[in-house]
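1. Test case, fold it:
(2 chains)
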Amino acid sequence: MRAGITLNVNGKTHEISVDPATPLIYVLRNRLGLVGAKLGCGLEQCGACAVLVDGEPVLSCVRAVAEFGGRDITTVEGLRVSGELSDVQRVFVEESAAQCGYCTPGIVIAVTALLDRTPQPDKADIEDALRDHLCRCGSHASVLRAVSRLMKERAANG
Amino acid sequence: MANPSLTKHPDLDDWLSIGADGRVTIRSGKVDIGQRISTAISMIAAEELDVAIDRVDIVAVETGVSPDEGVTSGSNSMEESGNAVRLAAATARRHLLGLAAQALDVDIATLEVDDGLVQSRTTNRSTTYWELAAGASFGIPVDLQAGVKAPQAYRIVGHHAVTRGIEDIVTGRPHFLHDMTMPGMVHGRVVRPPHYHARLEGLDETVTDRLVNEGIKVVRDGSFLAVTADDEYAAVRGAERLAACADWDLGDGLELQDVFARLTENERVSLPVVDGVPQREEAPERYDPPADAALTLEARYERPYQMHGSIGPSTALASFENGKLSIWSHSQGIYILRASIAEALGMDVGDLRVTHVPGAGCYGHNGADDVALDAALVARTMPGTPVLLKWTRQDEHAWEPYGSCMVMELCASLNSDGVVTGWSHDSYSDTFNMRPRPGPDKIGAARLLATRYLAEPLAVPVPQPAMRRHVGIHRNLDPLYNFADRRLVKHLVRNLPLRTSALRALGAYANVFAIESFMDELADATGQDPIDFRLRHLDDDRAVDVLKTAAAHMESWGEAADGNGHGIAFAQYKNIQTYAAVGVEVEVREDASVRLVRAVIAADAGQVVDPAGLASQLEGGFIQAASWTLHEAVQYDPDGIASRDWDTYPILGFDNIPEIETILMERPASPFLGAGEATAGPTGAAIANAIRRATGLALRRIPFTPDALRAAALA
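-> Numbers count the residues shown, from 1 in each chain, chains lettered A, B, ... in the order given. Model prediction:
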């Protein structure tokens, strides 16, 4: 029941022998040691497990790893380049946009995808992008401030 | 002021070490649960020692290493650990300066410290903390009179600090217990019964044999069932297959009756509450309006069972080796957990070690302690193999101890001047106090879920009324208002259907919801402005300040549009901690849903240490309580808990987050006041009051769902 699968994650290629029905998140966390994506519900209901697949946010807790062979996967670890936080990661730090932080990586992924697609999103765009993301600590307001901070920075820098 | 943490751990070395390597190590007994206590503690230590904040390491809280500061709960951490570390750091600074004065042969009064570099104004010689302490122990007690810095000198406290751990969080570095791994570690899952009262009759052996052949280990002790596997997904699938082959005796199932009716009808222990403290005496049977009563009104408010609903399921790592058990847990109380697990397993407490590792936010007593016993039960069957055991989403939703349902019956009399001259408040609820505190008859062990299902089960302990000031059901039962005549009664109700324990703010959320809704209704009934009405019953200047500050901000919102309403509410948490006034504007839409348009929080938490952390606790409390108030009620039927995931237990999302203005009152040099639970109660009432002003509907049963609004409109 194991199969060989090629996974491209954060710019690296991995050849993995795995039960192809295994949801992607278990492979990322336990085989590749990339624990940024969090297991929250295993039901595609909370968003903690989001990763980017070919630039689009995808929940990784249900869909089988076999679906992702050969596609470009970016986890929250991969957003940091050469030790530098991405802009989204940086504004989350600056705005302290996390409390316990368990939902945060998924939200960082969703915001990254949103701003890549729509550099100046309106309120509805933001709500839509974060619709699948639950936070129980109530960090929402600080997340929205972080997003707005980055939009302002980018608008100011043309 | 007496500090329980320092009374128990008077030695400076218990709290603080200074290394030869330029590091300051702080041992606090309070755990970080997302409330940023470690950030605040490190700010306090760095401030009092005059070192850069990034020199400060906060040690993971561990039995045998960290001071036993009880449970991280009740918004007490700043007052207990914050003050303990502050005095410890001040004691250490003075001690080190004494050593420096000798080493440099100068008057201690001439010494200045800059990031651990100690210089005298009278010489050009210098030394450092790292040379002076050289990693040695201090061997002195924490001086309760140690001179602490004046607020004017603060360079760190009260200023912005980067939240500890946040870079790890946003970059995905291992941070959570869920992320831990060890050589040879296996993954575990439990298989719970269909509901509380089901018992395991048997397992289909053809299935269990197959599982074992596939390398999946099955652990059974009575009705406690678990699996382990090398691969996590194999454990997930194994648990599903094991669940499918289990034969349960379902008994009568959960009792399904109107729980709000049962709250006021069941057997109960009723105690009068005076100055926030229950009295061991007969509760006054009924309320008698005073002679000057011109108007007497009554109202009944209700709050359903609600859950903690951590986003990360409860998890523990356990390893049993050579008769010793090590547990990594996100429990809020590792010492009591250690004692109760030792009791459950019949082990010597000295053979157990519990280390705190962050989990997802818990907001009180969730499944963290229970899963630690689950992992221990499994690890004990496989010595030498560490077991990382995670609950599933369904385990979490269906088995955590909920915040108890409550009924609040209020009655008030006003004289002809519209002043309250009589006040009565009965609160009916189940216990909020089922943390695994050790005690006689293995009571701590019996409070851990799995012990009820073992081959030799422990009986569910009968809750006893909590008697301390402002705890449990009677937290914030006693209003801060200056009502002369008050009849306050708490009722601990027996034989209720669901498992309950401490959920953020305990009874304060529902009590304040009731009091502050009722205050608005009384103001309206007598034609008074709701803010003026509160102010004329408040003698406490700090309470007046937060209320006026929030009200002034709400003025800037202008008149509410048609369909919108403004509501305000106030409380001081436990009548001794943070003062918080919450104002909110809601829009009630055509579909009867409630949109939160904007909100203001005015809070007085004493001396502010970490402004960003404080604001996020207040805002987070608002958002969580708004979710409880608008959406949340645990659903159940005879087959068990029906709220088993986020579709069947919806919570507030990003599509309904108001703009929140948080105003922190400046109170330099006044004591730190715990704030994490301060906004919960005012938020519930402010929303109720805003909906009433928008629609004329007095909603008195939480949650205020579209169905509830439509039903109220028809009534």
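2. How confident was the prediction at the residue nearest the centre of chain A?
-> Nearest residue to the geometric centre of chain A (C-alpha atoms, centre = their mean): residue A:109, 2.9 Å. You'll see residue A:109 listed with a pLDDT of 98.
3. mind listing what's buried in whichever strand or helix holds it?
-> Counting by DSSP states H and E, the element that carries residue A:109 is helix A:104-117. Residues A:104-115 are the ones in helix A:104-117 that count as buried (16 or more other C-beta atoms under 10 Å in any protein chain shown). Placement of C-beta: from N, CA and C, glycine included.
4. packing partners for it?
-> Contacts defined by 3 or more C-beta pairs under 8 Å, 6 or more residues apart in numbering or on different chains; DSSP states H and E place helix A:104-117 against strand A:50-53, strand A:56-59, helix A:87-94, helix A:123-129, helix A:140-156, helix B:166-171.
5. Just want the angle from it to helix A:87-94.
-> Taking axes from the mean of the first three to the mean of the last three C-alpha atoms, to 10 degrees, one finds helix A:104-117 and helix A:87-94 inclined to each other by 130 degrees.
6. and the angle for helix A:104-117 with helix A:140-156?
-> Using the same axes, to 10 degrees: helix A:104-117 against helix A:140-156 is 30 degrees.
7. Not counting its neighbours along the chain, what's nearest the closest residue to chain B within chain A?
-> With C-beta to the nearest C-beta, the shortest gap between chain A and chain B falls at residue A:36, namely 2.2 Å. In space, and not counting its chain neighbours, residue A:36 is closest to residue B:172: 2.2 Å by C-beta to C-beta, 6 or more residues apart in numbering or on different chains.
8. How about the contacts made by that neighbour?
-> Contact analysis of residue B:172 by C-beta atoms under 8 Å, 6 or more residues apart in numbering or on different chains lists A:34-37, A:75-77, A:105.
9. And stretch A:60-75, what's buried?
-> A:60-61, A:63-65, A:68, A:73-75.
10. Check stretch B:201-217 too.
-> Per 16+ other C-beta under 10 Å, stretch B:201-217 contains these buried residues: B:203, B:207-208, B:211, B:216-217.
11. Show me which residues of the stretch 1-150 of chain B are close to chain A?
-> Counting by C-beta under 8 Å from any C-beta of the partner chain, the stretch 1-150 of chain B comes close to chain A at B:33-36.
12. Tell me the one among the residues you listed nearest to residue B:66.
-> residue B:33 (15.0 Å; C-beta to C-beta).
13. didn't that closest one look like it was pressed against residue B:362?
-> Yes - the pair formed by residue B:33 and residue B:362 meets the contact definition of C-beta atoms under 8 Å, at 5.6 Å.
14. neighbour count winner among those two?
-> Legend: neighbour count by other C-beta atoms under 10 Å in any protein chain shown for residue B:33 and residue B:362, higher for residue B:362 (30 against 27).
15. thought residue B:201 was touching residue B:250?
-> No - under the criterion of C-beta under 8 Å, residue B:201 is not in contact with residue B:250, lying 9.7 Å apart.
16. overlap in contacts of those two?
-> Counting by C-beta under 8 Å, 6+ apart, nothing touches both residue B:201 and residue B:250.
17. count of neighbours near the residue of chain A closest to chain B?
-> 30.
18. how deep is residue 28 tucked in, by neighbour count?
-> Just so you know, I chose chain A. Neighbours around residue A:28, by other C-beta under 10 Å: 27.
19. Wait, chain B was what I had in mind.
-> Neighbours around residue B:28, by other C-beta under 10 Å: 30.
20. thought it was touching residue B:58?
-> Yes - using C-beta under 8 Å, residue B:28 is in contact with residue B:58, at 6.5 Å.
21. where do the contact lists of those two overlap?
-> B:38, B:41.
22. which other residues reach stretch B:639-648?
-> A:41, A:43, A:45-46, A:134, B:194-196, B:250, B:253-254, B:307, B:393-394, B:397-399, B:498, B:633-636, B:649.
23. How is chain A partitioned into domains?
-> Using automatic domain parsing, the domain parsing of chain A gives A:3-79, A:87-156.
24. can you tell me which of the buried residues of stretch B:201-217 are in strands?
-> In strands, defined here by DSSP state E, the members of the buried residues of stretch B:201-217 are B:203, B:217.
25. what stretches of the stretch 301-450 of chain B score poorly on pLDDT?
-> Across the stretch 301-450 of chain B, nothing is flagged by pLDDT under 70.
26. Please identify the residues of it in proximity to chain A?
-> Going by C-beta under 8 Å from any C-beta, the residues of the stretch 301-450 of chain B near chain A are B:308-313, B:358-361, B:363, B:390, B:392-393.
27. which neighbours do residue B:33 and residue B:362 share?
-> Contacts common to residue B:33 and residue B:362, judged by C-beta under 8 Å, 6+ apart, are B:330, B:332.
28. And the host helix or strand of residue B:47, what does it pack against?
-> Secondary-structure element containing residue B:47, defined by DSSP H and E: helix B:37-49. Contacts defined by 3+ C-beta pairs under 8 Å, 6+ apart place helix B:37-49 against strand B:24-26, strand B:56-58, helix B:83-104.
29. Try it again at 6 Å.
-> Helices and strands in packing contact with helix B:37-49 are listed as strand B:56-58, helix B:83-104; criterion 3 or more C-beta pairs under 6 Å, 6 or more residues apart in numbering or on different chains; DSSP states H and E.
30. For the helix or strand just after the first one, give me every contacting residue.
-> Put plainly, it is strand B:56-58. Counting by DSSP H and E, the element after strand B:56-58 in chain order, helix or strand, is helix B:77. Under the contact criterion C-beta atoms under 6 Å, 6 or more residues apart in numbering or on different chains, helix B:77 has outside partners B:30, B:37.
31. Could you check how far helix B:77 is from the centre of its chain?
-> Here helix B:77 shows a centroid-to-chain-centroid distance of 11 Å under the convention C-alpha atoms, centre = their mean, to the nearest Å.
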